[in-house]
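Peer 1: need a structure here:
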Amino acid sequence: MKYDTLYYPYASRRNLVYGHRGMVASSHPLATQAGLHVLHEGGNAVDAALAVAAALTVVDPANNGVGGDCFAIVSMKGEPLQGLNSSGFSPEMLTKKRVEAEGHRDAVPFKGWLPVTVPGAPAGWAALHERYGSKPLIELFAPAMELSQGYALSPDNAPILNVFTRNAQGSKDPVLRRWLEGFNPQGRTLRAGDVCAVPEMGKTLRRLAETKCRDLYEGDLAECIDAYSRQTDGTLRGEDLAAYAARWVQPVSTSFRGHEIWELPPNGQGMTALIALNLFEALPTQGADVVEKLHLEMEAIKLAFSDALHYIADPAFMQVPPEALLSKEYAAQRAALVTDRAQTYAPGKPMHGDTVYFCCADGQGNSISMIQSLYQGFGSGVYIPGTGICLQDRGACFSMQAGHANEVGPRKYPYHTIIPGFLTREGEPVGPFGIMGGYMQPQAHMQAMIRLLDEGVNPQAALDAPRFCWTEGLCFDVEPTFNPAVLDALRRKGHVLNVVSGGQYGRGQMILRDGGSWVGATEPRADGSVIGF
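Peer 2: Numbers count the residues shown, from 1 in each chain. Here you go, the predicted structure:
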């Protein structure tokens, strides 16, 4: 891969970082330091990732936590890529009838007990550690446990805590008001630099480390969750927790510009990015000017989502196999629908046949792409007293449409938005990448890979470039860093563009091989950092 290491065509607060003995990139400097500490102490890339994962539950609690899910793609030297899906299923008590009985006929709500699914992240940490870890979990979680005693809030996270403080204070639901007990008991207005402590999370992480994370599924933590759920008319039970296990899966890929882009298979939406790249490749982009190229990118992502939102679900309920959706021939058929005007698209008929992202690499050539999330900010808002745990709201991704592959139901995996990515060339690992942000994630993966592999800019510039986010129909949010003349030309093609500063455009990290070293890039839209040594 060739690119100019000194050419940064977009406004950025970052430059490329190089290191040959290891590298860590995450959305929070303190979490990055936790992973780097583990590498300095002789840990491998997976050890470092587990340290980052635990630290992020402390320093970025709105976006991820013990009560959420995680996914990973692991590249260990000499082995094929391995995928981990540690997303939780719905409780046995979550039925469509119950959702409707509580007054929600069109969609599962985002807050309260109804959207809660089994937390998968701790089981995923244990699975990664069992297969690849070289150091005890208590050692890997030590930086996070220390941070739980007090850390300085970042400019990015203090405002988020203030928003949720106001929401909890204004809520009439005693379950949602209980959030204050765990994250801001004094109800303070917080600023960057204020010291925040979450000692309950430190105790929870210690308990998880000492039990290889089983305590959440069969121990005291499981009993706490079960008891609180029964007390407050919740849906989650100890039996649901005990039945859960993380799943090792085979990553899926597509070829693009001489490389292979890897994502995880359903129930995650990673295939959406691959479908979009297939569509873009099938469109007449050669010689296209900037307006025409952006138009084709926008049409490709809309086409990809029209299929993804219809077909991707719990694999046991999918109506078409993943390979049919990833077919180059199918992409060519779908691409033929694109004209020089913006359109909306119906699902095709293929032939049968708030989140944190981070990545780590070590000096032995191993690397990991990992992502974990509570979905919406602080997930369901359901806080388990005395534990530091907020439960996720992944059940809100279920459909209420009768007969839909993703229809809400018991013990079912919902459509999932978080997706780690990985890049190879002729089968050889190049490195991990990812960009968080709900339904923005596949859109950002597509845009970053086009910038990197089609336009040939360096990894940092690929993350710096202005992004668009499809919202619905013909509508896109776009960053104000786009050229206004380009946006006007796109509007003349029928696109409805809303210039939104600070919107949901994702936050990414990237660590790639460059000769005998690693080169890293981090998101300019967040407090992220990348450090190599």
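
Peer 1: switch to C-alpha atoms for all contacts and neighbour counts from now on
Peer 2: Will do.

Peer 1: pull out the buried residues from the helix of greatest length in the chain.
Peer 2: Of all the elements of type helix in the chain, the one with the most residues (DSSP state H) is helix 290-311. For helix 290-311, a neighbour-count test (16 or more other C-alpha atoms under 10 Å) marks 291-311 as buried.

Peer 1: ok, now which ones touch the closest residue in space to residue 198 that isn't next to it in sequence?
Peer 2: Ranked by C-alpha to C-alpha, 6 or more residues apart in numbering and with sequence neighbours excluded, the top spatial neighbour of residue 198 is residue 148, at 4.9 Å. Residue 148 makes contacts with 58, 197-202, as judged by C-alpha atoms under 8 Å, 6 or more residues apart in numbering.

Peer 1: what about those, which one has the most neighbours?
Peer 2: Counting neighbours by other C-alpha atoms under 10 Å, residue 58 comes out on top of the contacts of residue 148 with 30 neighbours.

Peer 1: how far out from the middle of the chain is the next helix or strand after the longest helix of the chain?
Peer 2: Downstream of helix 290-311, the first helix or strand assigned by DSSP states H and E is helix 322-325. In terms of C-alpha atoms, centre = their mean, to the nearest Å, the centre of helix 322-325 is found 22 Å from the chain centre.

Peer 1: so which elements touch the helix or strand following helix 322-325?
Peer 2: Reading on from helix 322-325 to the C-terminus, the next helix or strand found by DSSP H and E is helix 328-335. Helix 328-335 sits against helix 270-282, with contacts defined as 3 or more C-alpha pairs under 8 Å, 6 or more residues apart in numbering; DSSP states H and E.

Peer 1: which strands and helices sit next to the helix it packs on?
Peer 2: strand 252-256, strand 259-263, helix 290-311, helix 328-335, helix 440-449.

Peer 1: switch to 6 Å and redo it
Peer 2: helix 290-311, helix 328-335, helix 440-449 (3 or more C-alpha pairs under 6 Å, 6 or more residues apart in numbering; DSSP states H and E).

Peer 1: using PDB, write out every CA atom in the longest one.
Peer 2: Right, the one you point to is helix 290-311. This file holds the C-alpha atoms of helix 290-311, laid out as PDB (Å, rounded to 0.1, in the frame of the first residue of the first chain):
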ATOM      1  CA  VAL A 290     -15.800  14.500  -6.800                       C
ATOM      2  CA  VAL A 291     -19.600  15.200  -7.100                       C
ATOM      3  CA  GLU A 292     -20.300  12.100  -9.200                       C
ATOM      4  CA  LYS A 293     -18.200   9.900  -7.000                       C
ATOM      5  CA  LEU A 294     -19.900  11.100  -3.800                       C
ATOM      6  CA  HIS A 295     -23.300  10.600  -5.500                       C
ATOM      7  CA  LEU A 296     -22.300   7.000  -6.300                       C
ATOM      8  CA  GLU A 297     -21.100   6.400  -2.700                       C
ATOM      9  CA  MET A 298     -24.400   7.700  -1.300                       C
ATOM     10  CA  GLU A 299     -26.500   5.500  -3.700                       C
ATOM     11  CA  ALA A 300     -24.300   2.500  -2.800                       C
ATOM     12  CA  ILE A 301     -24.900   2.800   0.900                       C
ATOM     13  CA  LYS A 302     -28.600   3.300   0.500                       C
ATOM     14  CA  LEU A 303     -28.800   0.200  -1.700                       C
ATOM     15  CA  ALA A 304     -26.700  -1.800   0.800                       C
ATOM     16  CA  PHE A 305     -29.000  -0.800   3.700                       C
ATOM     17  CA  SER A 306     -32.100  -1.700   1.700                       C
ATOM     18  CA  ASP A 307     -31.000  -5.300   1.700                       C
ATOM     19  CA  ALA A 308     -29.200  -5.400   5.100                       C
ATOM     20  CA  LEU A 309     -32.200  -4.000   7.100                       C
ATOM     21  CA  HIS A 310     -34.400  -6.500   5.400                       C
ATOM     22  CA  TYR A 311     -32.300  -9.700   5.500                       C
END
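
Peer 1: what sits up against that helix?
Peer 2: 272, 275-276, 279-280, 346-347, 486 (C-alpha atoms under 6 Å, 6 or more residues apart in numbering).

Peer 1: do the same with the second one
Peer 2: Under the contact criterion C-alpha under 6 Å, 6+ apart, helix 328-335 has outside partners 278-279, 282.

Peer 1: what is the orientation angle of that helix with strand 252-256?
Peer 2: 70 degrees (axes from the mean of the first three to the mean of the last three C-alpha atoms, to 10 degrees).

Peer 1: may I see the buried residues of helix 328-335?
Peer 2: Buried residues in helix 328-335 (16+ other C-alpha under 10 Å): 328-332, 334-335.

Peer 1: state the next helix or strand along the chain beyond that helix.
Peer 2: Downstream of helix 328-335 (by DSSP H and E), the next one is strand 355-362.

Peer 1: closest one of the buried residues of helix 328-335 to residue 512?
Peer 2: Residue 512 has its nearest neighbour among these in residue 328, at 26.4 Å by C-alpha to C-alpha.

Peer 1: and the gap between that closest one and residue 283?
Peer 2: Remark: distance between residue 328 and residue 283 (C-alpha to C-alpha, to the nearest Å) = 12 Å.

Peer 1: check the offset of stretch 8-22 from the chain's centre.
Peer 2: The chain centroid and the centroid of stretch 8-22 are separated by 22 Å under C-alpha atoms, centre = their mean.

Peer 1: stretch 445-452 too?
Peer 2: That offset, for stretch 445-452, works out to 16 Å (C-alpha atoms, centre = their mean).
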